[in-house]
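Sharing a model prediction with you, sequence too.
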Amino acid sequence: MFGLVSTYTAKVRIEHDRGPVRRGYLPAEAEPVIYGLHGPVATHYGVDESVIPPRASTLDHVVAAAAACLSGTFAAALASRKINPRGLVTKAEGRIDTEDGVLVIKRIDVAYNGLQLTPEQRPAAEEVLATHAKQCPVARSLEGAVEISTRIA
């Protein structure tokens, strides 16, 4: 089945708390996800972290969502080639720039660590690395807006 097929509608509820703090109620989660600001993001928005405690920002959550989805897609593709992804630890860094006064994620670099690849498995793992992002829903959703790189560390 190819082409566009409407499959799912994500329904979330966001409640505003004190200052920049928001609670996100997501499907299948009993507890809300808390969004806030910290570090340079708090500074950008003029938030005093001594008054409003630091929390992960929505930008951090987008980077984490991309890394989690890519990691799952990568691990599943490895497993389908009989390569055990046990030990896989994914680390990601998101580069956030200021564009016309707005913080914008421009790049996400993802590193797959902890794989115990044999020399025989390495070519198949590199093949998976070269193609898996096209099968990742979050990476596909960000395509054209955020540059994503992946590597086996």
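Looks like it came in fine.

List of residues touching stretch 125-140?
65-66, 68-70, 72-74, 77-78, 81, 83, 112, 115, 117, 148, 150-152 (CB atoms under 8 Å, 6 or more residues apart in numbering). Yep, even glycine has a C-beta here, placed from its N, CA and C like the rest.

List of residues touching the longest helix seen in the chain?
Criterion DSSP state H: the longest helix present in the chain is helix 58-80. For helix 58-80, contacts defined as CB under 8 Å, 6+ apart pick out 33, 35, 41, 56, 84-85, 88, 90-94, 96, 103, 105, 108, 110, 112, 115, 124-125, 128-129, 131-133, 135-139, 142, 146, 148, 150.

Same check on stretch 85-105?
Looking at what lies outside stretch 85-105 - CB under 8 Å, 6+ apart - the contacts are 40-41, 44, 59-60, 62-64, 66-68, 70-71, 74-75, 78-79, 106-116, 142, 146, 153.

can you pull the buried residues of stretch 84-103?
For stretch 84-103, the neighbour count (16 or more other CB atoms under 10 Å) marks P85, L88, T90, A92, G94, I96, L103 as buried.

Just the ones of those in strands?
Counted as lying in strands by DSSP state E, out of these, are T90, A92, G94, I96, L103.

and stretch 119-127, average pLDDT?
Averaging pLDDT along stretch 119-127 gives 97.

Spit out the contact partners of the nearest residue to P53 once chain neighbours are set aside.
Leaving aside its chain neighbours, P53 sits nearest to G36 (7.5 Å; criterion: CB to CB, 6 or more residues apart in numbering). Contact analysis of G36 by CB under 8 Å, 6+ apart lists P20, V21, R22, I52, P53, P54, R55, A56, S57.
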